[in-house]
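[1] Provide a 3D model corresponding to the input given below.
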Amino acid sequence: MLGTLEQIRPSDLQKVKKLGGGGFGNVFLCKWHGCPVAVKYFNQQFIADVASVEVSFLQEVSTLATLHHPNVVTVYGVTDVTDADASLSSRAPAMVTEYCNGGSLRDNLTARSPFVRKTKDRIKIALQAAIGMKYLHSRNKVHLDLKSDNLLLCSGGVSRCKVADFGLTREKKNSFISGKLEWVGTLPYMAPEVLSSSQVNEKADVYSFGVVMFELATFSRPYADVLEAPNGYNVLMTQRLTNKVKLSLTEEQEPVPGFKELMESCLRDDPEERPGFDVVVEMLQKMVAATAAGT
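    Prediction:
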């Protein structure tokens, strides 16, 4: 145990199914003493020298475990990488978190699921995500990989959107952190200052949120036409670096009045001109109220 961080025996986790994966490793739905949890198993590269990563890994996750908010995925603990009874393959660090049974916002938008079909529900999702980000920023956290894949939906009683995947979350240092291109997010969601490897602050998350707003309005992936073309990643990188491409909405695509203007303000090139999440939340609350009044 490190502070209040729970260390969980790998043998207490029973894998149910794979939920996803990436360069970091894989995420599985598991049962922990009969309760569903999401477990992020990190890559085998971590196994080579468990001792060298254990302290820093536990310190990072211990900090994340102190975050408690209805719109932020709860971190329960980590697997005990020193468990002598665990097999080698299960001794890589793994983070155990709350499981959200509705899947990612991106998957729901692609499928046009019942969660997102109605305009009023998509505006509520935007508001809940913004409230979660406002909380993270109030706790001195910068996410740096905010995207629709990292916004999870939970059903049962009241549907709720939660901010997830804090693999890139960093402490704010005097309101700034040092940006390095290899770990600061996903290309379509990266703020201009992140792409240029400049100093970045919490306003980089606001830019990413603006991209998510585009997805909520259109159901489309950002820059999908470019990325699906040959050599699309490199083409998009060049276009973004030279400021030759920008996300926008037509009047017909705007789901509610004020949405397009708010999205564009979040996507401003100058981070100082972007609103904070306190302003974003206030504006989205008005939109939610307007959609409720219109039903």
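[2] Number of residues surrounding residue 231?
    Residue 231 has 10 neighbours, counted by other Cβ atoms under 10 Å. Yep, even glycine has a C-beta here, placed from its N, CA and C like the rest.
[3] Find me the pLDDT at it, would you?
    Looking at residue 231, its pLDDT reads 91.
[4] try residue 86
    At residue 86, the model reports a pLDDT of 51.
[5] strand partners of the strand ranked longest in the chain, parallel vs antiparallel please.
    For the chain, the longest strand by residue count, based on DSSP state E, is strand 13-22. Sheet pairing of strand 13-22 (DSSP bridges) gives strand 25-32 (antiparallel).
[6] Show me what secondary structure element comes after the partner strand.
    strand 35-42 (DSSP states H and E).
[7] what residues does that next one touch?
    Contacts with strand 35-42, where a contact means Cβ atoms under 8 Å, 6 or more residues apart in numbering, come from 13, 15-16, 19, 24-31, 73, 76, 79, 92-101, 167.
[8] and the residues you listed, which are buried?
    Buried subset of those (neighbour count, 16 or more other Cβ atoms under 10 Å): 13, 19, 25-30, 73, 76, 79, 92-100, 167.
[9] now the helices: where do they sit in the stretch 101-250 of the chain?
    Secondary structure of the stretch 101-250 of the chain (DSSP state H, counting those that start in this stretch): helices located at 105-111, 119-138, 192-195, 203-218, 224-227, 232-241.
[10] which of these is buried the deepest?
    Highest mean neighbour count among the helices of the stretch 101-250 of the chain (mean count of other Cβ atoms under 10 Å): helix 203-218, with a mean of 24.
[11] For that one, C-alpha coordinates in CSV please.
    Output of helix 203-218 as CSV, limited to C-alpha atoms (Å, rounded to 0.1, in the frame of the first residue of the first chain):
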residue,chain,number,x,y,z
LYS,A,203,-5.9,25.4,-22.3
ALA,A,204,-4.5,22.6,-24.5
ASP,A,205,-7.4,20.5,-23.0
VAL,A,206,-9.9,23.1,-24.0
TYR,A,207,-8.7,22.9,-27.6
SER,A,208,-9.1,19.1,-27.5
PHE,A,209,-12.6,19.6,-26.1
GLY,A,210,-13.4,21.8,-29.1
VAL,A,211,-12.5,18.8,-31.3
VAL,A,212,-14.9,16.6,-29.3
MET,A,213,-17.6,19.2,-29.8
PHE,A,214,-17.1,18.9,-33.5
GLU,A,215,-17.7,15.1,-33.2
LEU,A,216,-20.8,15.6,-31.1
ALA,A,217,-22.2,17.9,-33.8
THR,A,218,-21.3,15.9,-36.8
